[in-house]
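J.: Can you look at this prediction? I've put the sequence above it.
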Amino acid sequence: MTSTLSIQDLRVNVQDKPILKGVNLTINQGEVHALMGPNGTGKSTLAYALMGHPGYTVTGGKITFDGQDILGWTPEERARRGMFLAFQYPIAIPGVSVANFLRTAINSRRRALDPQDKGIPIPEFRKLLKSKMEALQIPVEFGGRYLNDGFSGGEKKRVEVLQLSVLLPKIAIMDETDSGLDIDALRIVAGSVETLSGPDLGILVITHYQRILNYIKPQFVHVMYDGRIVEDGGADLAVKLEETGYEWVKEKYNGMEKS
């Protein structure tokens, strides 16, 4: 069965300030969506709200995953059910190695499906991790380093995509994965995400720029402004935004009815 993430008239406050003002969006497994828009329009707020960040208060609307209302689910439960968020600014976790973090995450997912599951055998995990790291051009010794501790921006983003490739979620939300990446790092990271895309993975790419979409090819492009999705189209919409900027969006939708 194809999994579906459905967002209906979603309204979200941050510190009592309304940020999302009625977002509607549906993402199916196998689809690649891009969400674009100027700074401060609510794109990252949508990402965090979808994953259940406690600092983002849903004041209206619904989020359903495979037909189930997930607003009562913890972030951990959303992750175990097959949702994934790649952070714009991945945090460091000193004392926890990349390998231990990933093995714990895999076992958590497995035990959510079967409480009697004893976890992935260590030899199997090592083989899996090595193959995924080689594909992402991540040195094998990174598995023993503390998660994101002392990593460069590009290294952090590669490790985020490593998590994606190991955990194999149903829906992945990529929050400005291109932020802080040079050309070579962007090519490797975005190219790896594109390789993972397919019928078993739905992707929402949140970005300001069209450049990442040269590698991760979206079928659907959405433009967010003032807390709403105001334009929908195909890949040509992203090219238009790259060429013209967002001024026409601001002029067209400035002064929308506030609610």
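T.: Here it is on my side, so go on.
J.: any idea how far residue 243 is from the residue nearest the centre of the chain?
T.: A centroid search over the chain (C-alpha atoms, centre = their mean) returns residue 173, at 1.8 Å, as the residue closest to the centre. Going from residue 173 to residue 243 by C-beta to C-beta, to the nearest Å gives 26 Å. Heads up, the C-betas are built off the backbone N, CA and C, glycines and all.
J.: Same check on residue 249?
T.: 13 Å.
J.: the more surrounded of the two?
T.: More crowded of residue 249 and residue 243, by other C-beta atoms under 10 Å: residue 249, with 21 against 8.
J.: With adjacent residues omitted, what lies nearest to the more buried one?
T.: Of all residues not flanking residue 249 in the chain, residue 225 sits nearest, at 5.3 Å (C-beta to C-beta, 6 or more residues apart in numbering).
J.: Equivalent analysis for residue 55, please.
T.: Counting by C-beta to C-beta, 6+ apart, the residue nearest residue 55 is residue 14, at 6.6 Å.
J.: ok so, going back, so what's the residue nearest to residue 249 bridging to?
T.: residue 228 (DSSP bridges).
J.: for it, what are its contacts?
T.: Contact analysis of residue 225 by C-beta atoms under 8 Å, 6 or more residues apart in numbering lists 37, 38, 41, 246, 249, 250, 253, 256.
J.: Could you do residue 27 as well?
T.: Here residue 27 is in contact with 4, 5, 33, 171, 202, 203, 204 (C-beta under 8 Å, 6+ apart).
J.: In terms of helices and strands, where is it?
T.: Secondary-structure assignment from DSSP states H and E places residue 27 in strand 17-28.
J.: strands paired with that strand, and their directions?
T.: strand 4-14 (antiparallel).
J.: Now the partner strand: buried residues?
T.: Residues of strand 4-14 classed as buried by neighbour count (16 or more other C-beta atoms under 10 Å): 4, 5, 6, 7, 10, 11, 12, 13, 14.
J.: bridging residues for the last one?
T.: For residue 14, the beta-bridge partners are residue 17 (DSSP bridges).
J.: Was I right to think it contacts residue 46?
T.: No: with contacts counted by C-beta atoms under 8 Å, residue 14 stays clear of residue 46, the gap being 11.5 Å.
J.: where in the stretch 101-250 of the chain is pLDDT low?
T.: Within the stretch 101-250 of the chain, not a single segment meets pLDDT under 70.
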